[in-house]
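[1] Just a sequence and a predicted model for now, questions to come.
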Amino acid sequence: MERPKNERDDLKVADEMFANAWRMCLPELEARSRRFADGQRDQAEELLANTAIKALLFMRRAPQTVTDPCGFLFVVLRHVFLDSVRRRGRDREVFDRNREIDSEASGFAHDGLSALQKLELDQQLDRVVAAVSRLSREQRRLFAYRFIDDLPYPVIAQKFQINQPLARKRVELLRNRLKTAMARD
């Protein structure tokens with residue numbers, strides 16, 4: 001299916017805006033991403049790649065909202081960096097990286113818990129699963145996107161074809177609904 005001419009023109013304008021800004025700012029973006037990654041080349045390249053993807057997708061969706069493409073690229077780079085820091089922090093909370101992979105322990109943070117604490121944790125998890133199973137199909141999709149796939153709000157909004165504030169509100173309402181359901185059980 002071919003896109004309408006004005007939509008193709010908008011994409012072309014957005015692509016050109018992105019390409020020009022990327023070429024102009026790339027040396028500074030590379031330097032900043034290396035600083036964010038503490039000189040680790042692989043991490044710096046990953047930050048740049050994620051920045052390019054997110055910036056291009058946003059520019060294609062709403063090219064008229066970007067008034068300073070170079071400044072926008074630096075803002076996106078900072079957000080990508082902060083997301084990666086948060087993700088690594090969550091990973092450290094869940095996994096104990098000091099354990100041997102081949103050891104009998106699974107490497108999860110709850111391994112040091114007493115039997116009673118593990119039982120309470122399992123019961124709480126069962127209540128969450130039960131509460132999620134009672135949600136509507138759309139709410140289960142939202143739960144999976146946000147809490148299982150850990151998708152950012154812009155991606156969730158795109159998948160549901162809604163704006164970001166509405167996506168945030170729906171996630172907040174979903175959290176509240178699950179908390180209420182867990183308190184009842």
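    Sure thing, it's come through.

[2] residues near Asp150, how many?
    By the measure other C-beta atoms under 10 Å, the count of residues near Asp150 is 11. Heads up, the C-betas are built off the backbone N, CA and C, glycines and all.

[3] a helix runs through it, doesn't it?
    No - secondary structure assignment (DSSP: H, G, I helix; E, B strand; the rest coil) places Asp150 in coil, not in a helix.

[4] what's the domain layout of the chain?
    Per automatic domain parsing, the domain ranges recorded for the chain read 5-94, 109-184.

[5] Would you format those as a markdown table with mean pLDDT included?
    Formatted as a markdown table, the domains of the chain follow (pLDDT from 0 to 100):
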| stretch | mean pLDDT |
| --- | --- |
| domain 5-94 | 86 |
| domain 109-184 | 83 |
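
[6] Find the nearest non-adjacent residue to Ala52, please.
    Spatial nearest neighbour of Ala52, excluding adjacent residues (C-beta to C-beta, 6 or more residues apart in numbering): Trp22 at 6.7 Å.

[7] Can you spell out which helices and strands pack onto the strand or helix carrying that neighbour?
    In the assignment (DSSP states H and E), Trp22 maps to helix 5-36. Applying 3 or more C-beta pairs under 8 Å, 6 or more residues apart in numbering; DSSP states H and E, one finds that helix 5-36 contacts helix 41-61, helix 69-94.

[8] What is the first one packed up against?
    Right, helix 41-61. On a contact count with 3+ C-beta pairs under 8 Å, 6+ apart, helix 41-61 meets helix 5-36, helix 69-94, helix 153-160.

[9] thinking again about what came up before, closest one to Arg137 among the helices and strands packed on helix 5-36?
    Distance to Arg137, taken as C-beta to C-beta, is lowest for helix 41-61 among the helices and strands packed on helix 5-36, at 25.9 Å.

[10] Only alpha carbons, please: show that closest one as CSV.
    Provided in CSV are the C-alpha atoms of helix 41-61 (Å, rounded to 0.1, in the frame of the first residue of the first chain):
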residue,chain,number,x,y,z
ARG,A,41,33.2,2.2,23.3
ASP,A,42,30.5,-0.5,23.1
GLN,A,43,28.2,1.3,25.5
ALA,A,44,28.8,4.7,23.8
GLU,A,45,27.9,3.2,20.4
GLU,A,46,24.8,1.6,21.9
LEU,A,47,23.7,5.0,23.4
LEU,A,48,24.2,6.6,20.0
ALA,A,49,22.3,3.9,18.1
ASN,A,50,19.4,4.1,20.5
THR,A,51,19.5,7.9,20.3
ALA,A,52,19.4,7.8,16.5
ILE,A,53,16.4,5.5,16.4
LYS,A,54,14.3,7.3,19.0
ALA,A,55,15.1,10.8,17.5
LEU,A,56,14.3,9.7,14.0
LEU,A,57,11.0,8.0,15.0
PHE,A,58,9.9,11.1,17.0
MET,A,59,10.9,13.4,14.1
ARG,A,60,8.9,11.3,11.7
ARG,A,61,5.8,11.3,14.0
